[in-house]
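S.K.: model the structure of this input:
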Amino acid sequence: MTGTDVRNEAEDSGPSGYAAARLRLLTEEARSGPPRRAALSALTDDWLAGLFTAAADGLAGVSLVAVGGYGRGELSPRSDLDLLLLHDGSDPKAVAALADRLWYPVWDLGLALDHSVRTPAEARKTAGEDLKVNLGLLDARHLAGDLALTSGLRTTVLADWRNQAPRRLPELQELCAERAERQGELQYLLEPDLKEARGGLRDATALRAVAASWLADAPREGLDDARRRLLDVRDALHLATGRATDRLALQEQDQVAAGLGLLDADTLLRQVYEAARVISYASDVTWREVARVLRSRAVRPRLRAMLGGGKPVPERSPLAEGVVEQDGEVVLARAARPERDPVLPLRAAAAAAQAGLPLSLHAVRRLAATVRALPTPWPAEAREQLVTLLGSGRPTVEVWEALEAEGLITRLLPDWERVRCRPQRNAVHIWTVDRHLIETAVRASEFTRRVSRPDLLLVAALLHDIGKGWPGDHSVAGEIIVKDVAARIGFDRADVAVLSSLVRHHLLLVETATRRDLEDPATVRSVADAVGSQSTLELLHALTEADALATGPAAWSSWRGSLVTDLVKRVGAVLAGDEPEVPDTAAPTAEQERLAIEAVATGSPVLALRAQTEPPADAGEQPPGDPEPLGVELLIAVPDQEGVLPAVAGVLAVHRLTVRTAELRALDLPDGVEGSVLLLNWRVAAEYGSLPQAARLRADLVRALDGSLDIAGRLAERDAAYPRRRGVVAPPPRVTVAPAASRHATVIEVRAQDAPGLLFRIGSALEDAGVRVRSMHVSTLGANAVDAFYVTGAQGAPLPVDEAAAVSRKLEETLRG
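M.R.: Model prediction:
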């Protein structure tokens, strides 16, 4: 059936015919995207025009007008119908009756309706008071009735908009900024709002309004295609959910991707991000131009008076060879010859970032159109300009985005294409891969005074996750890629080796510090062997912190920083020639000894809570501001018996205490004191609220050990009460044995979705397996728990290989069950 046939059917059959024709159109696989939106708008136009003609019954001085998205002909399957019933005010009662005869058939079909009834004067007045109404009227389109009435309103509203642009455009910019603050940036969100987020459909509409003002215009290249892609995704989202939603939720993404014929949800998000990036960049350029024009208009009369009526000449200040500042932007000098100067893009970018100024759109486009490729390897100046750009701090981001928008980054670094707009489906990461790399360079620029080779630090920061565009371990893939990229950039063999090592081991320090026993000489020695030199360790330490800070708030803390600094200090000593000491069993402190004696005397657990809010004295530099609470130290002495670990972990879970570190060992008692005591030294923090009283913890621990407190039941009740989102399925737990991680114990590593009672379940499973937990190291990143358990057999020795494998398999089965 053709589009004309569908429209005729709708006209002939009234509301039921329109509903059937609409359904048929939306379920046609042959038509999608702009053709379907245009057909749906035309179908709706004809139906509403028919309704109007029948209901108006010859009433003069009235017209039906589509505004907003419907006025633009952009009807998605579940879009509102934005309608204005315009009248000349001669017969208000007749118009009110007409409105009822129009609106009720729309509501009867279950369609969303945004409607108003106004005279031209009322519409003009409301537009002057309400910016959103004004924007909707800029897209007004006549549907039926008095065409002259509609045309007159359109002409008046557009003239008002242009006359009032110097006042209204700053209001519009503020509205866009407030919306971006609330909704975030579309190009980075895992569950973006296609309409309201920055770089979404609202911003695209705002750019149309700026263009209509004749004050400034948006960069047009790619803008229409970006808008079309977002509209196509919204159409598929409406059809997949059956709802008028603009939020692309995780559970809908696979279905939406399939509806668009895309490979998977990641491909879908990447297309959404690319479209949002085009709109965001166009918005930045446009609002900058608006500000420039408004400044120019404000200054021009005074300049003309000073110059005796002559035309003012823009001031141009030199910044670098071939690069000048003009009117708050960085532009190319008149004598610049991009076709003869392949370093000019990097020189201009570095100069702009150092000056804290944006690169002008014209300059970037001229560079993209005329500059020739850099030779391989790059000349020293190109490498130095790249390092200068990366070391410029926060202004680097805007300048980099300008280069990327015109394709200059992938021409300089072809491997960048694989990470560009690549989503990261990890709650810890708040950026796409490429933006995370730039953010890491920005953070690393703050640490350049801490290292002897800041150039290597900045380039490693830029490239440390470059392997995420390839299959397998991204650190391994990145090491290979960086060897090639660093050589092309012009680093010598020694520097290439350092850069590739930094990329290969960029997670080594934080993973070791938070998941391994730093008292174990094998741990320290393995890191020292991987790093190789003091200078590389220095760089790796700074890169580790920059990477974590650029990841998101969950990836770094004073506590993690103190652990990493402790590890770096130990590794540095080994690299300086000192052998890591084999730790003797530490003598108990006076407090530990007191608790142990009391536990023997009472035959029950004894505990003490001690708060600590400052990191250790050797924790290195800490972020400014208030010290981060590191939790409390929880000391527990308990007569040696089975089930201690799961009992303690369970009680802490019941009280909503998060475990950060934990140690468990048998304590040697003073002479004359008989008995065996286990000492547990844990660091815990409250999930929220205040910490429980020590007496209450002790009472529950006594009950847990004697079996009268049903920890499993309590945690099961809480787990059942946790909200679950449909379609969000966590990856299954994984349990592995870390080979050669320790000489004194077998290290079992658990990666699982963090949940109440996870440590209790792990402790119970290890207890059932008959192994002893010597210590454990807990790390929680977003919703992911990565915990390492140092276990031994009953005699205190590491487990045989076969037994270790069997224990890990059984633990994984338990957690998956």
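S.K.: mind checking the pLDDT average for stretch 706-719?
M.R.: Averaging pLDDT along stretch 706-719 gives 85.
S.K.: one more: stretch 370-379?
M.R.: For stretch 370-379, the mean per-residue pLDDT is 94.
S.K.: thinking Gly478 is in contact with Val503, fair?
M.R.: Yes: counting by C-beta atoms under 8 Å, Val503 is a contact partner of Gly478 at 4.5 Å. All C-beta atoms are positioned from the backbone trio N, CA, C, and that covers glycine.
S.K.: any common contacting residues for those two?
M.R.: 463-464, 466-467 (C-beta atoms under 8 Å, 6 or more residues apart in numbering).
S.K.: can you add pLDDT and give those back as a markdown table?
M.R.: Converted to a markdown table, those look like this (pLDDT from 0 to 100):
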| residue | pLDDT |
| --- | --- |
| Leu463 | 97 |
| His464 | 97 |
| Ile466 | 96 |
| Gly467 | 96 |
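S.K.: from those residues, which land in helices?
M.R.: Among those, the members falling in helices (DSSP state H) are Leu463.
S.K.: which of the shared contacts of Gly478 and Val503 has the most neighbours?
M.R.: If you count neighbours using other C-beta atoms under 10 Å, the busiest of the shared contacts of Gly478 and Val503 is His464, which has 30 neighbours.
S.K.: mind putting the shared contacts of Gly478 and Val503 in JSON lines, distance to Leu413 included?
M.R.: Listed next are the shared contacts of Gly478 and Val503 as JSON lines, based on distance: C-beta to C-beta, whole Å:
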{"residue": "Leu463", "distance to Leu413": "8"}
{"residue": "His464", "distance to Leu413": "14"}
{"residue": "Ile466", "distance to Leu413": "9"}
{"residue": "Gly467", "distance to Leu413": "14"}
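S.K.: quick check: of the shared contacts of Gly478 and Val503, which lies closest to Leu186?
M.R.: Comparing the shared contacts of Gly478 and Val503 against Leu186 with C-beta to C-beta picks out Ile466 as the nearest, at 24.3 Å.
S.K.: check contacts around the closest one.
M.R.: Applying C-beta under 8 Å, 6+ apart, the residues contacting Ile466 are 415-416, 418-419, 437, 478, 481-482, 485, 503.
S.K.: can you add distance to Asn163 and give these back as TSV?
M.R.: As requested, these are arranged in TSV below (distance: C-beta to C-beta, whole Å):
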residue	distance to Asn163
Asp415	51
Trp416	45
Arg418	49
Val419	47
Leu437	46
Gly478	56
Ile481	56
Val482	57
Val485	54
Val503	57
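S.K.: ok so, going back, of all the shared contacts of Gly478 and Val503, which comes closest to Ala608?
M.R.: Looking across these and measuring by C-beta to C-beta, the closest to Ala608 is His464, at 42.4 Å.
S.K.: isn't that closest one up against Glu439?
M.R.: No: His464 is beyond contact range of Glu439, at 11.5 Å (criterion: C-beta under 8 Å).
S.K.: what's the burial count for the closest residue to Gln424 other than its chain neighbours?
M.R.: Nearest non-adjacent residue to Gln424, counting by C-beta to C-beta, 6 or more residues apart in numbering: Val433, 6.1 Å away. Val433 has 21 neighbouring residues, counting by other C-beta under 10 Å.
S.K.: cool, and Leu231?
M.R.: Quick note: Leu231 (other C-beta under 10 Å) scores 22 neighbours.
S.K.: ok, then the element right after the helix or strand that contains it?
M.R.: Using DSSP states H and E, Leu231 maps to helix 223-241. Counting by DSSP H and E, the next helix or strand C-terminal to helix 223-241 is helix 250-259.
S.K.: that following helix to helix 223-241, inter-axis angle?
M.R.: Between helix 250-259 and helix 223-241, the angle comes out at 110 degrees (axes from the mean of the first three to the mean of the last three C-alpha atoms, to 10 degrees).
S.K.: check the offset of helix 250-259 from the chain's centre.
M.R.: The chain centroid and the centroid of helix 250-259 are separated by 19 Å, computed with C-alpha atoms, centre = their mean, to the nearest Å.
S.K.: which parts of it are buried?
M.R.: For helix 250-259, burial by neighbour count (16 or more other C-beta atoms under 10 Å) applies to 250, 252-253, 255-257, 259.
S.K.: tell me which of those is nearest to Ala637?
M.R.: Leu250 (46.1 Å).
S.K.: state the distance from the closest one to Arg435.
M.R.: To Arg435, Leu250 is 20 Å away according to C-beta to C-beta, to the nearest Å.
S.K.: contacts only, for Arg168.
M.R.: Residues near Arg168 by C-beta under 8 Å, 6+ apart: 131, 134, 161, 213.
S.K.: try it again with 7 Å
M.R.: Neighbouring residues of Arg168 by C-beta atoms under 7 Å, 6 or more residues apart in numbering: 131, 161.
S.K.: turn the contacts of Ile466 into TSV, including distance to Val278, secondary structure and pLDDT.
M.R.: Listed next are the contacts of Ile466 as TSV, based on distance: C-beta to C-beta, whole Å; DSSP: H, G, I helix; E, B strand; the rest coil; pLDDT from 0 to 100:
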residue	distance to Val278	secondary structure	pLDDT
Asp415	22	helix	95
Trp416	17	helix	96
Arg418	19	helix	94
Val419	18	coil	94
Leu437	20	helix	96
Gly478	28	helix	96
Ile481	27	helix	97
Val482	29	helix	97
Val485	26	helix	97
Val503	30	helix	97
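S.K.: and the nearest residue in space to Glu171 that is not next to it in sequence, how many residues sit next to it?
M.R.: In this structure, Glu171 finds its nearest non-sequential neighbour in Leu131, 5.5 Å apart by C-beta to C-beta, 6+ apart. By other C-beta under 10 Å, the residues close to Leu131 number 15.
S.K.: can you tell me how far Leu131 is from Leu332?
M.R.: Taken as C-beta to C-beta, the span from Leu131 to Leu332 is 37 Å.
S.K.: now do Gly707
M.R.: For Gly707, the distance to Leu332 equals 79 Å [C-beta to C-beta].
S.K.: and the two? which has more neighbours close in?
M.R.: The residue with more neighbours, out of Gly707 and Leu332, is Leu332; 23 against 10, by other C-beta under 10 Å.
S.K.: give me the three-state assignment for the nearest residue to Ser604 once chain neighbours are set aside.
M.R.: Distance criterion C-beta to C-beta, 6+ apart; nearest residue to Ser604, sequence neighbours excluded, is Val702 at 5.6 Å. With DSSP: H, G, I helix; E, B strand; the rest coil as the basis, Val702 sits in helix.
S.K.: hmm, Val702 is touching Thr602, no?
M.R.: No: using C-beta atoms under 7 Å, Val702 makes no contact with Thr602, being 9.9 Å away.
S.K.: so for these two, which residue has more residues nearby?
M.R.: When neighbours are counted by other C-beta under 10 Å, Val702 and Thr602 differ, and Val702 comes out ahead with 17 against 11.
S.K.: how close does that one get to Gly675?
M.R.: Distance, Val702 to Gly675, using C-beta to C-beta: 17 Å.
S.K.: and if you look at Tyr104?
M.R.: From Tyr104 across to Gly675, the span is 85 Å (C-beta to C-beta).
S.K.: that's all I had, so thanks and see you.
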